[in-house]
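# sequence and predicted structure below; questions after.
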Amino acid sequence: MQEYFLARQPIFDRALHVVAYELLYRNRDNATAEVLDGDQATSQVLLNSFVEIGLPKLVGERSAFINLTRKFLLNDELLPPPSERIVLEVLEGMTVDAELIGAVAGLSRKGYTIALDDFIFNEELRPLVELADIIKIDLRALDQATLHEHVALLREFPLKLLAEKVETPEEFDLCKELGFELFQGYFLCCPRNIKGKCLPANRANTLKLVSSLQRNDIGIDELEHIISQDITLGYKLMRYLNSAAFFGRKEISSIRHAIVYLGHRSIRNWATLIALAEIDDKPVELISTSLVRARMCELLVEATGIDGAHGAFTVGMFSVLDAMMDAPLDELVAELPFSDEISIALLNHQGPYGAALQSTIAYDRGEWAHIKSAPPIGEEIASIYVSSVEWARAMLGGLTQR
C-alpha cells in the first residue's frame, strides 16, 4: 500500500497574523514537492483534506491554498464546493490557451479565489493575471532588481502579492517595504539579526524566569514562590488551568494545588509557555508552532515505546526559542539547566528526542525524506501530526489571551 503525507504551511499578513495555510503533498520517497503524477498528488490533497481528515482540523476558520493541475482546473466537478476560503493555485508551466483561461474565469465567477503560483511574468500570462486574486512570487527565483520590476508591473492589477520562500526576518522586512500583502516561508522560526550581544532587558528577564522554572531540582515550595512572585504569570496560569482548554479537570484553586494535581513538569512547562507568550513583538503563530512541535515530539516518542516522553515535549517546546529571543540557540541553551539529553536533542537532533524533533520539523515542512526512520511512519505519523495541530489549537486560545 503506497503511503501519502499531508502537511500545511502558514501564510501570514503584514501583521504576522495567519490568514491561510497551503496544504502540501509529498510522496515519502521524494524530498521535494516534485511528483511523477501531479493529478494523483492533487487527488490525494483533496481527498485527505476534505474527506479523510476534514478541512477544519487542518486550517480552522482560515483559508486553504490547494495546488491544481490542468485536469482539475478544467473539470470543476472534481473540486469541493465553491468558497472564498478555498484558494486554487494555478501551477507554473501550464500551457496558457483559451481552454485554460476560460476554465479559470469560470472558477473565479463561481466564487473561488485564484492564485498564480511561482509567478514569473511574460505576456502569455497576462490573461491569467487579469483573473487572479493573488500572485505568488518565489524569492529564490528572482534577483532583487527583477523582484522590484515584477512588483511595479503587477501593481497595475487589483490583486494581492504573496512572497513565498521567505527564509529570514530581513527578507520579510524587504518584502513589506515593497508592498507585499502576504508572506510564506520559514522566516518565522529564524532569529532576527540584532546588533550587539546582549538580550533586550525584557527578554533577558524572561530567560532568567524560564531558567528558574526549568531547574530539575526545584521543589514545590520554590516553584510555588517563583510563579506567585510574578503576579501576571500566576494570574494567567491560574486562569488558563481553569479554562475550557482543560475541560474535564476539577477546578484548580491555587498554584500549590496546580503543582500537586498536574505535577512539577507539567506546571513548569505551562508557566514557561505563558512567559514566552508575553514577549510582545512575536506573533501568536510562533507559540502555536512551539505547541505543535512539543505535542508531536511527545507523541512520537510515546509511539516508539521509549520512556520519558515529557522530555520530548520540552525539546519540541524550546525548539523555537532562538526565534523567540532573537539569539543563537546554542547560547540560549547554555543559559538553561537542561540535561545533556535535551541539549543535544535541541542543538544536534541526536538521541530519541532529537530524532523526534527532526521528524517533527521535517513533517511540518513537507520534507519527508528527512523524517528519521525510528519514529513511526505512514498513516500513524500523519495521524499524530493532525492530532498535534488540533491539540495546539485547543490549547492556544487561553494561553495567548492578553
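Received the coordinates, thanks.
# could you report the neighbour count for residue 346?
For residue 346, the tally of surrounding residues (other Cβ atoms under 10 Å) stands at 25. C-beta here means a position set from N, CA and C on the backbone, and glycine is covered the same way.
# what about it, which helix or strand?
Counting by DSSP states H and E, the element that carries residue 346 is helix 340-348.
# contacts for the helix or strand that that helix is followed by next, please.
Downstream of helix 340-348, the first helix or strand assigned by DSSP H and E is helix 351-365. Helix 351-365 is contacted by residues 5, 7, 9, 186, 289, 292-293, 296-297, 300-301, 304, 306, 308, 311-312, 315-316, 319, 341-342, 344-346, 348-349, 368-372, 374-375, 381, 385 when judged by Cβ atoms under 8 Å, 6 or more residues apart in numbering.
# what's the first helix or strand after helix 351-365?
Later in the chain than helix 351-365, the nearest helix or strand by DSSP H and E is helix 379-399.
# where are the low-confidence patches of this structure?
Along the chain, the parts satisfying pLDDT under 70 run over 1-5, 25-42, 44, 47-53, 193-202, 244-250, 373-379, 398-402.
# could you chop it up by domain?
Domain assignment for the chain by automatic domain parsing gives 4-189, 201-399.
# who's in contact with the closest residue in space to residue 223 that isn't next to it in sequence?
With Cβ to Cβ, 6 or more residues apart in numbering as the criterion, residue 223 has its nearest non-adjacent residue at 5.9 Å, and that residue is residue 259. Neighbouring residues of residue 259 by Cβ under 8 Å, 6+ apart: 220, 223, 224, 267.
# what residues sit buried inside the host helix or strand of residue 259?
Residue 259 belongs to helix 255-262 when elements are defined using DSSP H and E. For helix 255-262, the neighbour count (16 or more other Cβ atoms under 10 Å) marks 255, 256, 258, 259, 262 as buried.
# elements contacting whatever helix or strand comes next after that helix?
Sequence order places helix 264-277 as the next helix or strand after helix 255-262, per DSSP H and E. With contacts defined as 3 or more Cβ pairs under 8 Å, 6 or more residues apart in numbering; DSSP states H and E, helix 264-277 has these neighbours: helix 201-213, helix 220-229, helix 231-241, helix 255-262, helix 284-304, helix 309-318, helix 379-399.
# contact partners of whichever strand or helix holds residue 66?
Under the criterion DSSP H and E, the helix or strand holding residue 66 is strand 63-68. Outside strand 63-68, the residues that touch it by Cβ under 8 Å, 6+ apart are 11, 19-23, 25, 41-42, 45-46, 49, 55, 58, 79, 84-91, 113, 115, 117.
# go through the helix or strand that comes right after it and flag the buried ones.
Per DSSP H and E, the first helix or strand lying C-terminal to strand 63-68 is helix 70-74. By neighbour count on 16+ other Cβ under 10 Å, the buried set for helix 70-74 is 70, 72, 73, 74.
# quick one, what contacts the last one?
Read that as residue 74. By Cβ under 8 Å, 6+ apart, residue 74 lies in contact with 99, 100, 103.
# of the residues you listed, which is the nearest to residue 334?
If you rank these by distance to residue 334 using Cβ to Cβ, residue 100 comes first, at 56.0 Å.
# surely that closest one forms part of a strand?
No: in this structure, residue 100 is helix, not part of a strand, as judged by DSSP: H, G, I helix; E, B strand; the rest coil.
# ok, so what distance separates residue 339 from residue 163?
As for residue 339, its distance to residue 163 is 40 Å (criterion: Cβ to Cβ, to the nearest Å).
# neighbour-wise, which of those two wins?
When residue 339 and residue 163 are compared for neighbours, residue 163 comes out ahead with 25 against 13, by other Cβ under 10 Å.
# OK, contacts around the nearest residue to that one once chain neighbours are set aside?
Among residues not flanking residue 163 along the chain, residue 175 sits closest, at 4.1 Å (Cβ to Cβ, 6+ apart). Contacts for residue 175 were tallied using Cβ under 8 Å, 6+ apart; they are 139, 163, 166, 183.
# in what helix or strand does residue 175 lie?
In this structure, residue 175 sits in helix 169-178 according to DSSP H and E.
# after that helix, which helix or strand is next? Please name it.
Next element after helix 169-178 (DSSP H and E): strand 182-184.
# what is that next one packed up against?
Judged by 3+ Cβ pairs under 8 Å, 6+ apart, strand 182-184 is in contact with strand 4-12, strand 18-27, strand 160-164.
# now those in JSON lines, with distance to residue 131?
Shown next, in JSON lines, are those (distance: least, Cβ to Cβ, whole Å):
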{"stretch": "strand 4-12", "distance to residue 131": "20"}
{"stretch": "strand 18-27", "distance to residue 131": "19"}
{"stretch": "strand 160-164", "distance to residue 131": "14"}
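# if we can go back for a sec, let me know the closest of the buried residues of helix 255-262 to residue 334.
Using Cβ to Cβ, residue 259 comes nearest to residue 334 of those, at 27.6 Å.
# for the most centrally placed residue in the chain, what are its contacts?
The residue lying closest to the centre of the chain (Cα atoms, centre = their mean) is residue 289, at 5.0 Å. If you count contacts by Cβ under 8 Å, 6+ apart, residue 289 has them with 188, 189, 320, 364.
# pretty sure residue 136 sits in a strand.
Yes: judged by three-state DSSP, residue 136 forms part of a strand.
# leaving out sequence neighbours, find the closest residue to it.
residue 162 (4.6 Å).
# ok, the one you found to residue 134 distance?
From residue 162 to residue 134 the distance is 5 Å (Cβ to Cβ).
# and the two? Which one has more around it.
Between residue 162 and residue 134, counting by other Cβ under 10 Å, residue 162 is the more crowded of the two (27 against 21).
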